[in-house]
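Enquirer: Model the structure of this input:
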Amino acid sequence: MPLRRLSTDRFPAESIFNTLDERDRVGRTPSYWSSAGHHNPSVPETLLYHLKADLCLITQLSIHPFQVFYYPGSPICSSHYVRFRFGHLDNHSHDKNNNYVWTYTSPQFALAQENRLQNFKLPEPVLCIGGYLLVEFLGRVQICDIDGLYYICVSHVKVMGRSLAKSFGVVDSDISGKFALKVLSYGDPQEVDEKEAELGIREIRLRILRQYVNFLHRYPPVEPL
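Expert: Just a heads-up that it's a prediction; the model follows:
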């Protein structure tokens, strides 16, 4: 679930929620997230997500840069590099804007200026305790001729791994930052019950509803219904 982005150019049409959809357009409407423009190409951007489980094993992440097909030249507004952080909430922090503890930081991966889903396999599987993912985009590439600003646009973010939430529960950390795991089940964590499947369908329906709302923001009705 998307939680926060450092900036958004036009909300909600270019919302972070669009990055959950694998498509770069819904019907004739483009589907992507866009940062706000900046004069300095070295200013980074971040996207913050809460994964489906507080405890999961991550092996690979994927990014699909967005190609602005409706703009002259169809530029790809990507970044030079991407980096991933996993972590948890800091229950002892009083700073609401910076209350995360990042327990793992990936290497920087080069992001090609290509309109395709690009896969980044981690050097080794990473145990994410807390369920929070921060995607960092480093180095802006594309400048907009209209305003002379640099933008980053992404159509899809994908995380591959396995949820361990059905087998283990995470006990809140103490002031030292240590965690404890509580065994919940000795069954196969890949099994998905009917309730989880129903929640997945509900999430897809909400995503479709957001896309229709974005469409209405872009193309408002010309006459009352």
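Enquirer: any idea where the helices of the chain begin and end?
Expert: Per DSSP state H, the chain carries helices over the ranges 194-218.
Enquirer: remind me which residues of the chain are low pLDDT?
Expert: Under the criterion pLDDT under 70, the flagged ranges of the chain are 1-11, 93-97, 167, 169-179, 181, 183-225.
Enquirer: let's see 80
Expert: 1-14, 25-28, 71-72, 91-98, 146, 165-225 (pLDDT under 80).
Enquirer: If Gln67 is in a bridge, with which residues?
Expert: On the basis of DSSP bridges, Gln67 is bridged to Ile76.
Enquirer: which residues touch it?
Expert: Asp24, Ser74, Pro75, Ile76, Asn115 (C-beta atoms under 8 Å, 6 or more residues apart in numbering). For every residue, glycine as well, the C-beta is placed using N, CA and C.
Enquirer: closest to Lys166 among the residues you listed?
Expert: Set against Lys166, the nearest of the contacts of Gln67 by C-beta to C-beta is Asp24 (33.2 Å).
Enquirer: Could you count how many residues lie near the closest one?
Expert: Other residues within reach of Asp24, judged by other C-beta atoms under 10 Å, total 20.
Enquirer: do Glu14 as well
Expert: 25.
Enquirer: returning to that earlier point: could you dump the contacts of Gln67 to a markdown table with distance to Ser42?
Expert: Formatted as a markdown table, the contacts of Gln67 follow (distance: C-beta to C-beta, whole Å):
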| residue | distance to Ser42 |
| --- | --- |
| Asp24 | 26 |
| Ser74 | 25 |
| Pro75 | 19 |
| Ile76 | 19 |
| Asn115 | 24 |
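Enquirer: Just the buried subset of those, written out for ChimeraX, thanks.
Expert: Paste this into ChimeraX to select the buried members of the contacts of Gln67, with burial taken from 16 or more other C-beta atoms under 10 Å:
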select :24,75,76,115
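Enquirer: and the two most separated of the contacts of Gln67?
Expert: Asp24 and Pro75, at 13.8 Å, using C-beta to C-beta across these.
Enquirer: circling back to that earlier point, nearest to Thr46, of the contacts of Gln67?
Expert: Ile76 (19.7 Å).
Enquirer: isn't the closest one right up against His64?
Expert: No: with contacts counted by C-beta atoms under 8 Å, Ile76 stays clear of His64, the gap being 10.4 Å.
Enquirer: where do the contact lists of those two overlap?
Expert: With C-beta under 8 Å, 6+ apart, Ile76 and His64 have common neighbours Asn115.
Enquirer: what about Pro72, distance to Ile146?
Expert: 10 Å (C-beta to C-beta, to the nearest Å).
Enquirer: so what's His88 closest to, chain neighbours aside?
Expert: Gly130 (2.2 Å; C-beta to C-beta, 6 or more residues apart in numbering).
Enquirer: So that neighbour versus His64, what's the distance?
Expert: 26 Å.
Enquirer: What of Asp54?
Expert: From Asp54 over to His64 (counting by C-beta to C-beta), the distance is 26 Å.
Enquirer: Please apply the same query to Trp102.
Expert: 24 Å.
Enquirer: okay, the two: which has more neighbours?
Expert: Neighbour count, other C-beta under 10 Å: between Trp102 and His64, His64 has more, with 21 against 15.
Enquirer: what's the burial count for the residue nearest to that one when sequence neighbours are not counted?
Expert: Nearest residue to His64 in three dimensions, chain neighbours excluded: His156, at 4.0 Å (C-beta to C-beta, 6+ apart). His156: 20 surrounding residues under other C-beta under 10 Å.
Enquirer: now do the one 5 residues further on
Expert: One way to gauge burial is a neighbour count; for Gly161, by other C-beta under 10 Å, it gives 19.
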